[in-house]
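> I'd like to go over a predicted model; first the sequence, then the structure.
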Amino acid sequence: MSDPQRLVIATRASRLALWQAEHVRDRLRALYPGCAVELLTLTTRGDQILDRTLSKVGGKGLFVKELETALLDGRADLAVHSLKDVPVDLQSPFDLCAVLERADPRDAFVSNDYATLADLPAGAVVGTSSLRRESQIRQRYPHLAVKPLRGNLDTRLGKLDRGDYAAIVLAAAGLQRLGLQARIRCLLDPDQSLPAAGQGALGIEIRDDRDDLRAWLAPLASADTTACVVAERAVSRALGGSCQVPLAAYAQIAGDALSLRALVASPDGARIVRCQRDGPAAEAQAIGAAAAQELLAGGAAAILAELLQEPPAS
């Protein structure tokens, strides 16, 4: 098959999303020097709604819908996403065709006045956009006040600098990609804050009828990262993973062996159910499914049932 002549990448307009799309653009230009690779910049509903948490306005799918529309109508060939923003129930006519090598998957503690979460005084306000982070912080540090934090990376840092929060917790990879690693006071070990499924990884979405694109993009994929996120997303899929569920799943690979840790929590952090599953990396999907069943049997089913009984947001 001949090399591509022109490829259009759909991306969100935020600085981090543009970095991610430009990273894929540069990788494609290196692979296919004769190909014109262009960006189509779009604003999504998730970028527009900043006064409510994602769990109350429709979840992470709000960050991909406009990009998928561009794939469907032919304005774009591929879309680049932070993988943790891609719904786990992605279905035809779309396909997650390549997962790139993962960056740092950990959460980062950012503060102008304090070095760690443990240093924060009682009542200090911590900002996060994630129920997953919130539940884990509340369990370990019940004396802290955890408040919602929305907006792109620069907006969130601006709210911290303005004094709205004593500290905020963000994905380390985003800060590092934008050259803002100096803002990180410390990185949270997965034992402290287990990452979200797919955190730190970039995923490329295409229409599922584009076999040409699937072949062209294959060299960008990382086999190890793909296996890890297959296991992680299998947990999330089995548990109906969405922004309404405080759920974490993080896998690591050593040689041919995969180790997966996962948890489900109540939003207040009062109950957290954890599990660990190990097995061959080639069985990543099955490992993730087994972890989900272990969580359900260990108490996650009751937590999820309570969350589903809560009235939907108006």
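Nice, I can see it. Treat the numbers as computed from the prediction; the structure is a model and nothing was measured.
> would you map the helices across the stretch 51-200 of the chain?
Assigned by DSSP state H, counting those that start in this stretch, the stretch 51-200 of the chain shows helices spanning 54-57, 65-72, 131-140, 153-161, 172-177.
> export those as JSON lines, with columns for mean neighbour count, distance to V230 and mean pLDDT.
To be clear about C-beta, it is placed using only N, CA and C from the backbone, and glycine gets the same treatment. Output for these, formatted as JSON lines (neighbours: other Cβ atoms under 10 Å; distance: least, Cβ to Cβ, whole Å; pLDDT from 0 to 100):
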{"stretch": "helix 54-57", "mean neighbour count": "19", "distance to V230": "24", "mean pLDDT": "46"}
{"stretch": "helix 65-72", "mean neighbour count": "18", "distance to V230": "21", "mean pLDDT": "94"}
{"stretch": "helix 131-140", "mean neighbour count": "23", "distance to V230": "19", "mean pLDDT": "96"}
{"stretch": "helix 153-161", "mean neighbour count": "16", "distance to V230": "27", "mean pLDDT": "96"}
{"stretch": "helix 172-177", "mean neighbour count": "21", "distance to V230": "19", "mean pLDDT": "97"}
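> need the nearest residue in space to L202, chain neighbours excluded.
L100 (4.5 Å; Cβ to Cβ, 6 or more residues apart in numbering).
> so the one you found sits against A221, correct?
Yes - the pair L100 / A221 is scored as a contact, 7.0 Å apart, by Cβ atoms under 8 Å.
> those two - which one has more neighbours?
L100 (21 against 15; other Cβ atoms under 10 Å).
> show me where pLDDT drops low in the stretch 101-250 of the chain?
Scanning the stretch 101-250 of the chain for pLDDT under 70 picks out 241-242.
> the strands in it, which residues?
Ranges of strands in the stretch 101-250 of the chain, per DSSP state E, counting those that start in this stretch, are 107-110, 125-128, 145-148, 167-171, 184-188, 202-207, 247-254.
> how near is D73 to S2?
25 Å (Cβ to Cβ, to the nearest Å).
> cool, and A10?
23 Å.
> higher neighbour count, those two?
Taking neighbours as other Cβ under 10 Å, A10 and S2 compare with A10 leading, 24 against 8.
> gap between that one and L295?
Plainly put, A10 is 34 Å away from L295 if you go by Cβ to Cβ.
> what's the answer for R207, then?
34 Å.
> please say which of those two ends up with more neighbours.
L295 (25 against 19).
> name the helix or strand for that one, please.
Using DSSP states H and E, L295 sits within helix 284-295.
> can you tell me which residues contact the spatially most central residue of the chain?
Nearest to the geometric centre of the chain sits K84, at 2.0 Å (Cα atoms, centre = their mean). Listed by Cβ atoms under 8 Å, 6 or more residues apart in numbering, the contact partners of K84 are 60, 171, 196-199, 201.
> change it to 10 Å
60, 105, 130, 132, 171, 173, 195-201, 203, 229, 232-233, 236 (Cβ atoms under 10 Å, 6 or more residues apart in numbering).
> which among those end up buried?
60, 105, 130, 132, 171, 173, 195-201, 203, 229, 232-233, 236 (16 or more other Cβ atoms under 10 Å).
> kindly state the domain boundaries assigned to the protein.
1-102+200-221, 107-188, 222-313 (the TED database).
> now the end-to-end length of the shortest one.
Same thing as domain 107-188. For domain 107-188, the first-to-last residue distance is 5 Å (Cα to Cα, to the nearest Å).
> what do you get for the first one?
Using Cα to Cα, the gap from the first to the last residue of domain 1-102+200-221 comes to 19 Å.
> now that domain, how far from the centre of its chain.
14 Å (Cα atoms, centre = their mean, to the nearest Å).
> re earlier: pLDDT score assigned to the residue nearest to L202?
pLDDT for L100: 98.
> that one against H23, yeah?
Yes - judged on Cβ atoms under 10 Å, L100 makes contact with H23 at a distance of 8.2 Å.
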